[in-house]
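Asker: Provided below for reference: sequence and predicted model.
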Amino acid sequence: MTTCRLCGHNKVQLIVSGLKTDFDETYALKRCMRCSFVTLHPLPDEDTLGKYYRHNYWQDGQGQRSKYLNFFLSMRVKPMISELKALIPRNGRVLDWGTGDGFLVKLLNDSGLTAFGIDPYSSASDDKTVFKATIHNAPFTDNYFHAITGFHILEHLRQPLESIRSALRLLKPEGILIIEVPNIDSLQYRLFRSRWQPLEIPFHLNHFNPNSLQNNLLDNFNLKILKISYFSQRVSPSAFLLSIFPFFAPKMMRLKKGFYPAPIKLCYLLGQLVVYPLVLAEAGLKHGAILRLYLRKE
Ligand SMILES: [Zn+2]
């Protein structure tokens, strides 16, 4: 990489090298010396990424999870839904960008909002609310949504700012955009470095910190930051635990055994409870595992 994909600066610094993948390919991470955005290096082409997605990218699908697990997941995202509802009209229209199996779309609709989802790799069975599409070819008119949620999507995109531009076209003036990404300036990353689970080499092309995300968004778009959060019930504890014990991951188990054994599942859940105070503490220090920005289109 000669220039930063976010700010265009031409000085970058190697911060980690020798990151090996399942196919024995080697990647590095490089940080922009102006905006501190971190990129995967080299950037894999579509064919290479396709090979990895076919090999080990696993969407379980809400229909394949137990009722208990779906309940557990819904409890973890309900606080965010309450916060969103306080910011937009009753029955407001919401787009979940990169919705995966459409689970959040269902929860948003159950909460009284009118929600749709897009994802080019969607495994959702409901084709009335979830569409196989990118943010650039989403089947909606401009200024349609009161809110757009983008959870763990920006780190996968080659041109994240161009994608944000397309998202903002779909959003009404004064609409709300919620973006959540892993935080490369987290204490977890400093502790685990190349073992940190959210690095997800080579799936995650981009790694943000508060400066690179906020400054590049504010420099390019007319947005107001309403709130920043550094903690996700869904991601923060599991990222910490899986950085120590990667084999607890449902994806790893599925690859190895073809199913997810109940004792491992129980250890995974109990382990998350054990690390919970640690991840709350790092979030309190504003160095949590995730960054979630609540933004308003001005
Ligand atoms: Zn930069």
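Answerer: Looks like it arrived, so ask away. What you are looking at is a predicted structure, and each value in this text was computed from that prediction instead of being measured.

Asker: residues in the stretch 1-150 of the chain within reach of the ion, list them.
Answerer: Neighbours of the ion within the stretch 1-150 of the chain, by C-beta under 5 Å from the ion: C4, L6, C7, H9, C32, R34, C35, F37. Every residue, glycine included, has its C-beta placed from N, CA and C.

Asker: these two touch, right, the fifth one and G8?
Answerer: No - with contacts defined as C-beta atoms under 8 Å, C32 does not count as touching G8, sitting 9.2 Å away.

Asker: Looking at the two, which has the bigger crowd around it?
Answerer: Neighbour count, other C-beta atoms under 10 Å: between C32 and G8, C32 has more, with 23 against 10.

Asker: what sits against the more buried one?
Answerer: Listed by C-beta atoms under 8 Å, 6 or more residues apart in numbering, the contact set of C32 reads C4, L6, C7, H9, K11, V12, V38, T39, S212.

Asker: Backbone dihedrals for it, both of them.
Answerer: phi -70, psi 130 (degrees, to the nearest 10).

Asker: the helices in the stretch 151-298 of the chain, which residues?
Answerer: Taking DSSP state H, counting those that start in this stretch as the test, the helices found in the stretch 151-298 of the chain are 160-170, 187-192, 210-220, 236-244, 250-257, 262-284.

Asker: neighbouring contacts of the fourth one?
Answerer: This points to helix 236-244. Outside helix 236-244, the residues that touch it by C-beta under 8 Å, 6+ apart are 182, 188, 191-192, 195-198, 248-249, 268, 271-273, 275-276, 278-279, 282-283, 288-290.

Asker: Point me to the residue of the stretch 51-200 of the chain nearest the ion.
Answerer: Per C-beta to the ion, L161 is where the stretch 51-200 of the chain lies closest to the ion, at 10.9 Å.

Asker: Okay, the closest residue to that residue other than its chain neighbours and R34: tell me how far apart.
Answerer: Spatial nearest neighbour of L161, chain neighbours left out: N220 (5.6 Å); criterion: C-beta to C-beta, 6 or more residues apart in numbering. Per C-beta to C-beta, to the nearest Å, N220 is found 14 Å from R34.

Asker: With A133 instead?
Answerer: Counting by C-beta to C-beta, the gap from A133 to R34 is 34 Å.

Asker: which residues are in contact with stretch 99-117?
Answerer: By C-beta under 8 Å, 6+ apart, stretch 99-117 touches 59-62, 70, 73-74, 77-78, 81, 84-85, 88, 90-97, 118-119, 121-124, 126, 129-131, 140, 149, 151.

Asker: pLDDT averaged over that stretch - what is it?
Answerer: In this model, stretch 99-117 has an average pLDDT of 94.

Asker: what do you get for stretch 219-230?
Answerer: 96.

Asker: likewise stretch 246-255?
Answerer: 77.

Asker: Convert that stretch to PDB, retaining C-alpha atoms only.
Answerer: Extracted in PDB, the C-alpha atoms of stretch 246-255 (Å, rounded to 0.1, in the frame of the first residue of the first chain):
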ATOM      1  CA  PRO A 246      -9.900 -19.800  19.800                       C
ATOM      2  CA  PHE A 247     -11.300 -23.400  19.800                       C
ATOM      3  CA  PHE A 248     -14.400 -22.300  21.800                       C
ATOM      4  CA  ALA A 249     -15.700 -20.500  18.700                       C
ATOM      5  CA  PRO A 250     -18.800 -22.100  17.200                       C
ATOM      6  CA  LYS A 251     -17.200 -21.700  13.700                       C
ATOM      7  CA  MET A 252     -14.000 -23.500  14.800                       C
ATOM      8  CA  MET A 253     -16.000 -26.400  16.300                       C
ATOM      9  CA  ARG A 254     -18.300 -26.700  13.300                       C
ATOM     10  CA  LEU A 255     -15.200 -26.900  11.100                       C
END
